[in-house]
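>>> the sequence isn't on hand, but the structure is:
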């Protein structure tokens, strides 16, 4: 039985591309889980989805002019965040509408470029990920980006926590709250770039939000929520990848489905918040 | 007593629409002051201007004899209930510790002294036994106490409270008020925005009655004159509801 399991677990690892895929998924799972906890509590889930879509034109342009797609993606991601902020501050359009307008515009622009000019990139891979195609160089980039984001979270944990929980106190003691917001948008863009190959643009929001939401239902502290979210991100990535190997299904989608199963379990069975365990479903 | 908050001809606008016009008054150390006025009178704006969160178009605000930027750490704000996410994964102790953040600076984690100050502040408001509790699992009055403890931990000289008595029952209101009275006896200045005019004359030494402009400032007797109240409450669209409140106190 144990022998059977170890064969089952080790067999895919005989392939280099599967080793790289596993490491990439692990890193992305941890990175998305930790950052996603912040997005959930700051009610920026929609923003996460928006920035994810907004990196597309950057990726297209980067391929077009022959630079690393990282630079293009981060640039259009941050520009879109700035544009959303600008529209919200300078017109009566509210933030959710500004997000809707700006991210679909950026996304459309990306598709426009990719459909007209031959970039040699498979749009499908960018939209839905292609974890089996991760090269050694990609892996290095993913690791550096994730390390950067996690280091920033740890360094500024205190400030981020205050910013999310009570931005008036944050401002009144002199913290640069706008700067923190855009730092968060930058971290989000970096995370999306790191996640492109694992889950792709369309599904990255699930990796950002679902593991964090699962953790949110289980614990009562921000620090433990982040660690647990990173754990759920990681475990979903691993299980999803194995499922995709053995069932021959798309890896990004498999990872997201596993993350969602964890979420549903927590939603119904969480000792503190579960719908079934606390009988919330029967009124109140 | 020396003046801790001084406003001189202060005008503040939101989207080019003036919300406060040429407001002047000054508050002395250790005073308990209620800011009253109808909806949309600019009460919250006034508080935000004092905290330096809104730019002043004209006039000048002095806090503790200097600019707000020099004295930010000494001014604490207790937010409106609706502005807080009560489901936030945070303990009572962590909330109060945020009062220490002003003094910690970047990259520095709370030290032993900070934790002692947090404990002391929690004891002062009678919440020490709840320090591990998740914030949202407290009653309305307990939540208010936690934020008062945070202001104490911050070492604030001036406490600004935005509608602390909204939606709390009479007993809780009395208890919070008693706590505020204790805090002001330690020489701290307590400034409270109050929508409800009931019992303000018992709670506060001085009242600031505003409706964009300063209508009156002083003790309840000087402020609550027929003329002042009419001036404050008949220039807005909320006249009817405001007059109902007037009947209650009159």
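Yep, that arrived. These figures come from a predicted structure and were not determined experimentally. Residues are numbered from 1 along each chain as shown, chains lettered A, B, ... in the order given.
>>> would you confirm that residue A:182 contacts residue A:80?
No. The pair residue A:182 and residue A:80 does not pass the contact test of C-beta atoms under 8 Å, sitting 11.8 Å apart. From N, CA and C alone the C-beta is placed, and that goes for glycine too.
>>> okay, those two: which has more neighbours?
Legend: neighbour count by other C-beta atoms under 10 Å in any protein chain shown for residue A:182 and residue A:80, higher for residue A:80 (26 against 15).
>>> isn't that one right up against residue A:52?
No. Under the criterion of C-beta under 8 Å, residue A:80 is not in contact with residue A:52, lying 10.1 Å apart.
>>> for residue B:77, phi and psi?
phi -120, psi 130 (degrees, to the nearest 10).
>>> and the spatially closest residue to residue A:113 that is not a sequence neighbour, what element?
Of all residues not flanking residue A:113 in the chain, residue A:60 sits nearest, at 4.1 Å (C-beta to C-beta, 6 or more residues apart in numbering or on different chains). Using DSSP states H and E, the element containing residue A:60 is helix A:45-65.
>>> what helices or strands is that helix leaning on?
helix A:16-41, helix A:69-90, helix A:95-116, helix A:177-195, helix A:200-216 (3 or more C-beta pairs under 8 Å, 6 or more residues apart in numbering or on different chains; DSSP states H and E).
>>> and those, which is most packed in?
Highest mean neighbour count of the helices and strands packed on helix A:45-65: helix A:200-216, a mean of 27 (counted as mean count of other C-beta atoms under 10 Å in any protein chain shown).
>>> helix or strand right after that one?
Moving toward the C-terminus from helix A:200-216, the next helix or strand (DSSP H and E) is helix A:222-247.
>>> residue numbers of chain B in contact with chain A?
Selection of chain B residues close to chain A by C-beta under 8 Å from any C-beta of the partner chain yields B:51-53, B:69, B:72-73, B:75, B:77, B:79, B:83-85, B:88-91, B:94-95, B:98, B:101-102, B:104, B:106-107, B:109, B:134.
>>> the same query, at a cut-off of 7 Å, please.
Residues of chain B lying close to chain A by C-beta under 7 Å from any C-beta of the partner chain are B:51, B:53, B:72-73, B:75, B:77, B:79, B:88-91, B:98, B:101-102, B:107, B:134.
>>> please narrow these to those residing in helices.
B:98, B:101, B:102 (DSSP state H).
>>> let me see the contact set for the last one.
Meaning residue B:102. Applying C-beta atoms under 7 Å, 6 or more residues apart in numbering or on different chains to residue B:102 gives the contacts A:173, B:72, B:73, B:154.
>>> of the residues you listed, closest to residue B:128?
The closest of these to residue B:128 turns out to be residue B:154 (C-beta to C-beta; 17.7 Å).
>>> give the closest residue to the closest one in space, chain neighbours not counted.
residue B:99 (3.6 Å).
>>> can I assume that neighbour is in contact with residue B:148?
No. Contact criterion C-beta atoms under 7 Å: residue B:99 and residue B:148 do not qualify, at 10.1 Å.
>>> before we move on, the earlier item: neighbours of the residue nearest to residue B:154, just the number please.
By the measure other C-beta under 10 Å, the count of residues near residue B:99 is 25.
>>> residue most distant from the centroid, chain B?
Within chain B, residue B:107 marks the point farthest from the mean C-alpha position, 29.9 Å out by C-alpha atoms, centre = their mean.
>>> residue numbers of the stretch 101-250 of chain A in contact with chain B?
Within the stretch 101-250 of chain A, the residues that sit near chain B (C-beta under 7 Å from any C-beta) are A:155, A:158, A:162, A:165-166, A:168-169, A:171-174, A:216, A:219-222, A:225.
>>> start to end distance for stretch B:206-215?
13 Å (C-alpha to C-alpha, to the nearest Å).
>>> make that stretch A:38-51, sorry
Terminal residues of stretch A:38-51 lie 15 Å apart, using C-alpha to C-alpha.
>>> where are the low-confidence patches of chain B?
Low-confidence segments of chain B (pLDDT under 70): B:1, B:235-250.
>>> any idea which residue of it lies closest to chain A?
Proximity of chain B to chain A (C-beta to the nearest C-beta) peaks at residue B:102, 4.0 Å away.
>>> hang on, the earlier thing: mind checking pLDDT for the residue nearest to residue A:113?
We have a pLDDT of 89 for residue A:60.
>>> where exactly do the strands run in chain B?
Shown for chain B, the strands assigned by DSSP state E span residues B:3-14, B:17-28, B:32-36, B:58-63, B:75-78, B:158-162, B:189-193, B:206-211, B:213-218.
>>> could you dump these to CSV with distance to residue A:136?
Below are the strands of chain B laid out as CSV (distance: least, C-beta to C-beta, whole Å):
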stretch, distance to residue A:136
strand B:3-14, 55
strand B:17-28, 59
strand B:32-36, 64
strand B:58-63, 58
strand B:75-78, 52
strand B:158-162, 56
strand B:189-193, 61
strand B:206-211, 67
strand B:213-218, 70
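>>> a markdown table please, covering the ones you listed and showing distance to residue A:125 and mean neighbour count.
Below are the strands of chain B laid out as a markdown table (distance: least, C-beta to C-beta, whole Å; neighbours: other C-beta atoms under 10 Å in any protein chain shown):
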| stretch | distance to residue A:125 | mean neighbour count |
| --- | --- | --- |
| strand B:3-14 | 48 | 18 |
| strand B:17-28 | 51 | 18 |
| strand B:32-36 | 60 | 24 |
| strand B:58-63 | 57 | 17 |
| strand B:75-78 | 50 | 26 |
| strand B:158-162 | 51 | 24 |
| strand B:189-193 | 56 | 25 |
| strand B:206-211 | 61 | 24 |
| strand B:213-218 | 64 | 19 |
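>>> among those strands, which is nearest residue B:119?
Across these, residue B:119 has its closest neighbour in strand B:75-78 (17.9 Å, C-beta to C-beta).
>>> so what secondary structure elements neighbour the closest one?
For strand B:75-78, the packing partners by 3 or more C-beta pairs under 7 Å, 6 or more residues apart in numbering or on different chains; DSSP states H and E come out as helix A:167-172, helix B:140-153, strand B:158-162.
>>> same thing but 6 Å
Applying 3 or more C-beta pairs under 6 Å, 6 or more residues apart in numbering or on different chains; DSSP states H and E, we find strand B:75-78 packed against strand B:158-162.
>>> thank you, goodbye.
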